[in-house]
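# What would the 3D arrangement of this be:
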Amino acid sequence: MHMKTLVFDLDGTMYRGTQIIDTAKQFLDYCIKQNIPYLFLTNNSMRTPQINVEHMENMGYTGISASQFYNSAMASCQYVKEKYSGRKAFFIGEKGMEQALLDAGFTITDDHPDFVFVGLTKKGDYAMYSHALTCLLQGAKIIGTNKDRILAKPGGFEVGNGSVVAMFEYATNTQSPDIAKPSKTMLDLFLRHFHLKKEDVILIGDNLETDIRLGYENGVQTIFVETGVHTRKDIATLDIHPTWIVSNLMECVEYDTILQD
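Just a heads-up that it's a prediction; the model follows:
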């Protein structure tokens, strides 16, 4: 039996904001007990891998390490390094974005940068956005880490990074490259980072437009879980079809075919 690597999304799949999803923890504990390999792939660029570990441990998760995480900030930096010259960057975002830039060898500056990286932050304000706009109008290239419209939180939703990227695209009449889920770019960079092939993984997530579309359009098996952005009634509307549908991740235990191929 070939055991697939489970690739979990975070927001809406493992937790909502600071609120743990109990059935997700139960399933991860099951995976650990059964020696089922797992990784985390997230469009959220706010946290470094280590801060992701701490965020999840504070909720009660155990058995995870920073080396298991890959996020849109890491993917964006790698993408830009391979596609463009210039290594000066201004960024909107938090520690995850900053660390990814530094790790990739970028110099962070607010004076005539080559790129403006737009990652998720909950501390953005009008002055910050206006300075980023100035950099873009002076010739910097916009790099949106991801284009998620909304984010799940306890009791509802928040503005996603994609909505902020769209604001800059509208203001400058330019387009950010598509890097994060559902872009094949993110999948290719992730698989390369972990030395995997797409046949080796199952993508697990709550967002049909990102997590599930990524698998659906690229021939990767998917598990859609109804604990975040979408529910199964959205499948027909969006015309994005997961391999499996579960109300919560513990239902995966009932499907031997999900976990082994």
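
# On the strand side of things, show who residue 117 bridges to.
Here residue 117 sits in beta bridges with residue 91, residue 143, as judged by DSSP bridges.

# list the contacts for it?
73, 76-77, 89-93, 97, 101, 143, 145 (C-beta atoms under 8 Å, 6 or more residues apart in numbering). In short, each C-beta sits where N, CA and C put it, glycine included.

# now the strands for the stretch 51-200 of the chain?
In the stretch 51-200 of the chain, the strands defined using DSSP state E, counting those that start in this stretch lie at 69-71, 88-92, 107-108, 115-118, 141-144, 150-153, 156-159.

# Can you tell me which of the ones you listed is nearest to residue 174?
strand 141-144 (5.9 Å; C-beta to C-beta).

# thinking again about what came up before, can you tell which of the strands of the stretch 51-200 of the chain is closest to residue 34?
Closest of these to residue 34 is strand 69-71, at 21.1 Å (criterion: C-beta to C-beta).

# Neighbouring strands - and their directions - for that closest one?
Looking at strand 69-71 with DSSP bridges, its partner strands are strand 38-42 (parallel).

# Report the buried residues of the partner strand.
Neighbour counts over strand 38-42 (16 or more other C-beta atoms under 10 Å) mark 38-42 as buried.

# and those as TSV, adding pLDDT and distance to residue 255?
Below are the buried residues of strand 38-42 laid out as TSV (pLDDT from 0 to 100; distance: C-beta to C-beta, whole Å):
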residue	pLDDT	distance to residue 255
38	97	16
39	98	20
40	98	21
41	98	21
42	94	24
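
# Can you tell me which of these is closest to residue 246?
Closest to residue 246 out of the buried residues of strand 38-42 is residue 38 (15.7 Å), distances taken as C-beta to C-beta.

# Start and end of stretch 109-129, how far apart?
Stretch 109-129 stretches 15 Å from its first residue to its last (C-alpha to C-alpha, to the nearest Å).

# typed the wrong thing, it's stretch 150-160
End-to-end distance for stretch 150-160, by C-alpha to C-alpha: 4 Å.

# who's in contact with that stretch?
Contact partners of stretch 150-160, identified using C-beta under 8 Å, 6+ apart, comprise 11-12, 16-19, 44, 120, 122, 146-149, 163, 206, 228-229.
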